[in-house]
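Asks: Quick one, structure for this:
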Amino acid sequence: MSGSFAGFPAEGLHLLRQLKRHNNRPWFLKHKEIYEQKVKAPMVELVLALGSEIRSFAPELAVDPSRAIYRIYRDTRFSHDKSPYKTQIAAVFSPREFPKHTAAGLYFHVSPNEVEIAGGIYMPGSAELLAIRRHISEQPEKLREILEGKEFKRLFGGLWGEQLSRVPRGFPPDHPAADLLRYKQFLVDVTQPADVATTPGLFRVIVQHFEAMMPLVRFLNFPLKPDRPFPSRLQNLQL
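Replies: Numbers count the residues shown, from 1 in each chain. The predicted structure is shown next:
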C-alpha cells in the first residue's frame with residue numbers, strides 16, 4: 001500500500017460533535033477556520049491519498065477531491081429539518097464516464113458517531129434500475145459469485161437496500177434470481193467507531209473495503225455503460 005494518512009486531528013471530530021449541538025450559521029462562522037483546518041483540509045489530504053491507491057485497482061473512478069468531497073452545506077429546500085450544515089464529512093468516488101450519482105461507486109463519511117464505508121448504487125433512476133435488473137436476470141450466477149465470495153461475506157455479510165414485496169413485472173415470479181430482482185437499491189456497507197478516524201488505520205480500512213467492493217460496483221455499472229443499449233424509460237412499468 002503506497003499511500004498513507006495519519007488520521008483526522010482530534011479537534012476535527014470535536015468540532016463535528018459541537019456542530020451537531022450548535023447547527024446554526026453564527027456558530028459555524030465563528031468556528032469556520034477550525035473546520036477548514038481540522039476537517040476539510042485533512043479530508044482533501046485523505047482523498048488525495050486514497051486516489052493514488054484507488055488508481056491501482058479501480059482506474060475508472062474519478063478521484064479528484066473537488067468532485068469527490070461533499071459540501072458541508074445542506075439542501076434544506078424540501079426538508080422539514082432546516083439545520084444548515086451537515087454534521088459529517090463525506091466523499092464519493094464514481095466512474096468518470098458517468099454523471100455523479102448516476103452509477104455505482106464507493107463512498108465513506110466521518111461523523112461524530114461513526115465512520116461509514118459503503119459501495120453500490122443508492123438511488124438508480126428507473127431506466128438504470130431496469131438495465132441492472134435485466135443484467136441480473138441474464139447473469140445471476142455472476143452476481144451470486146460476488147456476493148457469496150468468502151472475503152466479501154466476511155467483510156460485508158451481504159447485499160442490502162430497499163426491496164419490492166414481489167418480483168417486478170416483466171420478470172417471471174419463479175426466476176432463479178427472483179430474490180435479487182426485487183432490490184431497488186444495491187448496497188454494501190460497514191461502520192467503524194468514530195475514533196478510528198483519528199488513526200492511521202482509517203486509511204487502511206477504507207482501502208481494504210473499497211477494493212473488496214469493486215467487483216460488485218463493476219457488475220452494477222456494466223449494463224449502464226454509454227456504449228451499451230439502454231432500456232427506454234417507457235418500459236419501466238415494473239417499478
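Asks: what's the single longest helix in this protein?
Replies: Looking only at the chain and at elements set by DSSP state H, the helix with the highest residue count is helix 201-221.
Asks: mind listing what's buried in that one?
Replies: Counting neighbours by 16 or more other Cβ atoms under 10 Å, one finds that the buried residues in helix 201-221 are 202-207, 209-217, 219-221. In this view, the C-beta of every residue, glycine as well, is placed from N, C-alpha and C.
Asks: now stretch 143-158
Replies: Within stretch 143-158, the residues that qualify as buried are L143, I146, L147, F152, L155, F156, counting by 16+ other Cβ under 10 Å.
Asks: State the mean pLDDT of the strand or helix carrying the first one.
Replies: Read it as L143. Secondary structure assigned from DSSP states H and E places L143 in helix 140-147. For helix 140-147, mean pLDDT is 97.
Asks: Helices along the chain, start to end?
Replies: Taking DSSP H as the criterion, the chain carries its helices at 10-21, 25-35, 41-57, 65-68, 126-138, 140-147, 150-156, 178-181, 201-221.
Asks: For the longest one, name the packing helices and strands.
Replies: Secondary structure elements in contact with helix 201-221, counted by 3 or more Cβ pairs under 8 Å, 6 or more residues apart in numbering; DSSP states H and E, are helix 41-57, strand 105-110, strand 114-121, helix 140-147, helix 150-156, strand 186-193.
Asks: In a markdown table: these, plus distance to D64.
Replies: Converted to a markdown table, the helices and strands packed on helix 201-221 look like this (distance: least, Cβ to Cβ, whole Å):
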| stretch | distance to D64 |
| --- | --- |
| helix 41-57 | 8 |
| strand 105-110 | 13 |
| strand 114-121 | 19 |
| helix 140-147 | 28 |
| helix 150-156 | 27 |
| strand 186-193 | 23 |
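Asks: Just name the most buried of these.
Replies: strand 105-110 (a mean of 24; mean count of other Cβ atoms under 10 Å).
Asks: Could you tell me the angle between that one and strand 186-193?
Replies: Here strand 105-110 runs at an angle of 20 degrees relative to strand 186-193 (axes from the mean of the first three to the mean of the last three Cα atoms, to 10 degrees).
Asks: So, low pLDDT: which residues of the protein?
Replies: Of all residues in the chain, those with pLDDT under 70 make up the ranges 1-2, 227-239.
Asks: who touches L50 in this structure?
Replies: Under the criterion of Cβ atoms under 8 Å, 6 or more residues apart in numbering, the contact partners of L50 comprise G3, F5, V63, A91, F93, F203, I206, V207, F210.
Asks: Just give me the residue closest to the centre of this protein.
Replies: Within the chain, the residue whose C-alpha comes closest to the C-alpha centroid is Y107; the distance, by Cα atoms, centre = their mean, is 3.0 Å.
Asks: Verify the stated contact: that one with H101.
Replies: No - here Y107 lies out of contact with H101, judged by Cβ atoms under 8 Å, at a distance of 10.3 Å.
Asks: what sits in contact with each of the two?
Replies: Residues touching both Y107 and H101 comprise V92, with contact defined as Cβ under 8 Å, 6+ apart.
Asks: and the closest residue to A178 other than its chain neighbours, how many residues sit next to it?
Replies: Leaving out its chain neighbours, the residue that sits closest to A178 by Cβ to Cβ, 6 or more residues apart in numbering is V167, at 4.8 Å. For V167, the neighbour count with other Cβ atoms under 10 Å is 20.
Asks: do the same with Y122
Replies: The burial metric for Y122, expressed as a neighbour count using other Cβ under 10 Å, is 15.
Asks: so what's the spatially closest residue to it that is not a sequence neighbour up against?
Replies: With Cβ to Cβ, 6+ apart as the measure, Q185 is the residue that lies nearest to Y122, at 5.9 Å, once sequence neighbours are left out. For Q185, the contacting residues are G120, I121, Y122, M123, P124, W160, G161, E162, by Cβ under 8 Å, 6+ apart.
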